[in-house]
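Undergrad: Next comes the sequence, and after it the predicted model I'd like to discuss.
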Amino acid sequence: MLARRRRTLFAFFLLPGALLAAWITRTPAIRDTLGASLAEMGLVLAGLSVGSMIGLLASGPLIARFGTRPVTQLGMVLIISSMFTLALATVLQVLPLASVALLLFGLGMGGAELAINMEGAEVERISCKIVLPTLHGCFSVGTVIGALTSLLLIKLQVPVVWHLLAMCVLGALAISPFINGLAPGFGRSDTQPGATADAAPRPRLWREPALLMIAAITLSMTLSEGSAYDWLPLLMADAYATGEMTGTLVFLGFATTMAIGRLGSGVLLQRMDRRSVLVASMLMAAAGMAVVVTSQHLLLAVAGVVFWGLGASVAFPLALSAAAVSGDDSNARVKLVATGGYLALLVGPPMLGFVANAVGLRGAFAVVLGLVLLALLATPAVPRSRPGQQPARH
């Protein structure tokens, strides 16, 4: 049962990554078809923000009542449906409908991702093996698959509408064997030990400085990851005068380094503690972002993107793993940190469109870079233990 649960989680992480990359790599074509400015694209992406916020805020109560499995199932359906809606918005050239499509995507991601991260933390706890970085690596592998597919279809000059429709159909077919693969009942408040007292300790989590600092690290690093997912192809097009093909290749490079970093992090974590790996990854991401923001040369920017992707790859799963072992009631701790992380990942980047409209995309990314540097001050709160080990309690 545990092996089936793990395989299902791999699929549930991979699919959103593939579909996310499919529409992000085609944002230049979608923007041109819709005739949208940067500010108008920000409004389109605001649908993603609104949907993500609703999904994240609703997912906690929904998981407590129904468990993680039905919440995840609904999330996958919404994510797949959003691709059809976005294709329809593009062919009809209706800007508000494109925003609705991303609202559906955000609803699905916001709800499902919190649920599957809770599942992943539980599988890691039960198995005493490194699981969360690998699961997030599957998300990155999905983005690589999505970006490679986009690259091929752009090369073949396939219209963006047919691309989105194809991904909708393929996504539905790919996820169907796994739709019932999670354990029923997990996450429901009435199935958790000590459920009657469950509500009492949760407000105190907001008063734990160490947990809040872990959440701050998560916010900054997921914002850096999400801003690349949402805006990197457009940054390449606007700041470096690249075409859609080159922008997709750069995005593919970012997604590939994210996948390599996450899938390879297990080797590092067998030799180094969480905090050391996290600090090194944050410094690497900051260095890469600084190069992308300040460079005037495309090759230097590409090198910066590689460092950025490698650095950003492990921060989120490591922060979730650290939150899970930072005290009692690991489910509530993972919920708190994951909710903040996904708000930053899904809600924050669309807001950068409004910043970019005022100061340009380079200036918007400079703001994200500043937040990552500030978050380095919070790293002493991260336990030095390794995944699968409990930190020393004093």
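TA: Sure thing, it's come through.
Undergrad: From here on, just use CA atoms for contacts and neighbour counts.
TA: OK.
Undergrad: Low-confidence regions, the stretch 51-200 of the chain specifically.
TA: Residue ranges of the stretch 51-200 of the chain with pLDDT under 70: 190-200.
Undergrad: what about 50?
TA: 193-200 (pLDDT under 50).
Undergrad: quick one: the helices in it?
TA: For the stretch 51-200 of the chain, the helices defined by DSSP state H, counting those that start in this stretch cover 68-92, 95-127, 132-155, 160-175.
Undergrad: any idea of the angle the first one forms with helix 160-175?
TA: Spelled out, it's helix 68-92. Put simply, helix 68-92 runs at 160 degrees to helix 160-175, going by axes from the mean of the first three to the mean of the last three C-alpha atoms, to 10 degrees.
Undergrad: Same question for helix 68-92: list its buried residues.
TA: 68-90 (16 or more other C-alpha atoms under 10 Å).
Undergrad: The last one too?
TA: Going by neighbour count (16+ other C-alpha under 10 Å), the buried part of helix 160-175 is 160-161, 163-165, 167-168, 171-172, 175.
Undergrad: of all those residues, which comes closest to Gly60?
TA: Proximity of these to Gly60 (C-alpha to C-alpha) peaks at Ile175, which lies at 23.3 Å.
Undergrad: Enumerate every residue touching the closest one.
TA: Counting by C-alpha atoms under 8 Å, 6 or more residues apart in numbering, Ile175 makes contact with 11-12, 15.
Undergrad: follow-up on the earlier one: tell me which of the buried residues of helix 160-175 is nearest to Gly363?
TA: Gly363 lies nearest to Val160 out of the buried residues of helix 160-175, by C-alpha to C-alpha, at 29.3 Å.
Undergrad: helix or strand right after the helix or strand hosting Ala18?
TA: Element membership for Ala18 (DSSP states H and E) is helix 2-24. Proceeding N to C from helix 2-24, the next assigned helix or strand is helix 27-34, under DSSP H and E.
Undergrad: returning to that earlier point: mind giving me the ChimeraX select for the contacts of Ile175, buried ones only?
TA: Entered in ChimeraX, the line below selects the buried ones among the contacts of Ile175, by 16+ other C-alpha under 10 Å:
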select :11,12,15
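Undergrad: got the contacts of Ile175 as a markdown table, with pLDDT and distance to Gly243 columns?
TA: A markdown table is the format used below for these (pLDDT from 0 to 100; distance: C-alpha to C-alpha, whole Å):
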| residue | pLDDT | distance to Gly243 |
| --- | --- | --- |
| Ala11 | 91 | 32 |
| Phe12 | 92 | 32 |
| Leu15 | 92 | 27 |
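Undergrad: For the contacts of Ile175, give me a markdown table that also has distance to Arg274.
TA: Output for the contacts of Ile175, formatted as a markdown table (distance: C-alpha to C-alpha, whole Å):
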| residue | distance to Arg274 |
| --- | --- |
| Ala11 | 26 |
| Phe12 | 25 |
| Leu15 | 28 |
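Undergrad: Tell me the pLDDT of Gly327.
TA: Listed pLDDT for Gly327 reads 69.
Undergrad: same question but for Leu38, I mixed them up
TA: Here, the pLDDT recorded for Leu38 equals 70.
Undergrad: now the angle from the helix holding Ala18 to helix 95-127?
TA: Using the same axes, to 10 degrees: helix 2-24 against helix 95-127 is 160 degrees.
Undergrad: From the contact counts, what lies against helix 2-24?
TA: helix 68-92, helix 95-127, helix 132-155, helix 160-175, helix 209-239 (3 or more C-alpha pairs under 8 Å, 6 or more residues apart in numbering; DSSP states H and E).
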